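*Asks:* Here is my input, please return the structure:
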Amino acid sequence: MIGHLLREVRSGDRREAGVVLDEVGVEDLAADVLLLEEDGLHVRAGRVQPSGEAGGTAADDDELVLRHGIPFRSSLRLEHVSIPERFLALGDSFTIGTGTTPERSFPAVLADIWRERGRVIALTNPAVNGYATDDLIQEELPLLAAIRPTLVTLLIGANDLVRGSTEDRYRSQLVRIHERIRADAPDARVIALPQPDWSLAPAGAAFGDLDTTAGRIERFNAIAREEANRAGADWVDLFPLMREQGRLGSFAPDGLHPSAEAYAAWARRLAEIAS
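*Replies:* Have a look, this model is predicted:
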């Protein structure tokens, strides 16, 4: 399977990768090959399974079925998993950019900044609105071994808080996550981030007493920082920026999540710190 660099973005190209594979047939694929689906600019990932009808043998015109059930024709291009810089963004709504569009999420903006500086980087963002640590462990961490990221960002915890997780359980979940990252991507740089102070959002009152919520957010962030430091990850404290954005009302129309401008400011700060 031979890859080529994207010189410009054309219809059918995969913008997130910078490199795509030339056309391949089903017979070239193994069950553990990673296939990435693009919905607009939102890249999602899964493992392919040939759906052959003759004794399990895949034919050229068979479909490839992803783990999460979305079919692909064999003529679709695959993302190149050997790009020098592979960025895996783990998280929830704050990582996928809920309130705006995935291409305006902070990982996408950060990757674009780096590309403008001449870096060739493939972004995979499997984050999902509403995900908590359980979901991240089950649905996102399996991508580590397949993608072999050189950079991982981790921002998770708001939905654990909303679902009533105790601080001890949140800590134990983070320990599991960091251990898995180190086991499956031992050479990756890991950047852990705080959750924003969403108690300042117009919809914040729907989740209970605002002062209580703000205090729990701060305690969860303290735990996230402690476990990042313990695991040898880089803790990038965007919380002062995030809180100032909240006080200035930099929220999306949904009244809960950050605006596109707020996400972009996170990306710019990360580009300054994490280059």
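*Asks:* what's the pLDDT at T101?
*Replies:* On pLDDT, T101 comes in at 97.
*Asks:* Same question for I137.
*Replies:* Note on I137: pLDDT of 99.
*Asks:* Please apply the same query to the one 4 residues further on.
*Replies:* Here the pLDDT value assigned to L141 is 98.
*Asks:* Setting aside sequence neighbours, what's the nearest residue to it?
*Replies:* Nearest non-adjacent residue to L141, counting by CB to CB, 6 or more residues apart in numbering: R180, 5.0 Å away. To be clear about C-beta, it is placed using only N, CA and C from the backbone, and glycine gets the same treatment.
*Asks:* Now do the SS call for the one you found.
*Replies:* helix (DSSP: H, G, I helix; E, B strand; the rest coil).
*Asks:* need the contact list for it.
*Replies:* Under the criterion of CB atoms under 8 Å, 6 or more residues apart in numbering, the contact list for R180 reads I137, L141, L144.
*Asks:* what about the helices in the chain?
*Replies:* For the chain, the helices defined by DSSP state H cover 93-96, 106-116, 133-135, 143-147, 158-162, 167-184, 210-231, 239-247, 260-274.
*Asks:* what's the closest of the ones you listed to A192?
*Replies:* For the helices of the chain, the distance to A192 is smallest for helix 210-231, at 3.6 Å, taking CB to CB.
*Asks:* Residues contacting that closest one, please?
*Replies:* 154, 157-158, 160-161, 167, 170-171, 174-175, 178-179, 181-182, 190, 192-195, 197-200, 204, 207, 234-235, 237, 239.
*Asks:* what would the helices of the chain look like in TSV with distance to N125?
*Replies:* Shown next, in TSV, are the helices of the chain (distance: least, CB to CB, whole Å):
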stretch	distance to N125
helix 93-96	6
helix 106-116	5
helix 133-135	15
helix 143-147	10
helix 158-162	17
helix 167-184	16
helix 210-231	19
helix 239-247	19
helix 260-274	12
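*Asks:* Let me know which of those is tucked in deepest.
*Replies:* Sort the helices of the chain by mean neighbour count, taking mean count of other CB atoms under 10 Å, and helix 93-96 sits at the top with a mean of 26.
*Asks:* Check which helices and strands it sits against.
*Replies:* Applying 3 or more CB pairs under 8 Å, 6 or more residues apart in numbering; DSSP states H and E, one finds that helix 93-96 contacts helix 106-116, strand 151-155.
*Asks:* Take these and write them to JSON lines, including mean pLDDT and distance to A260.
*Replies:* JSON lines is the format used below for the helices and strands packed on helix 93-96 (pLDDT from 0 to 100; distance: least, CB to CB, whole Å):
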{"stretch": "helix 106-116", "mean pLDDT": "97", "distance to A260": "9"}
{"stretch": "strand 151-155", "mean pLDDT": "99", "distance to A260": "17"}
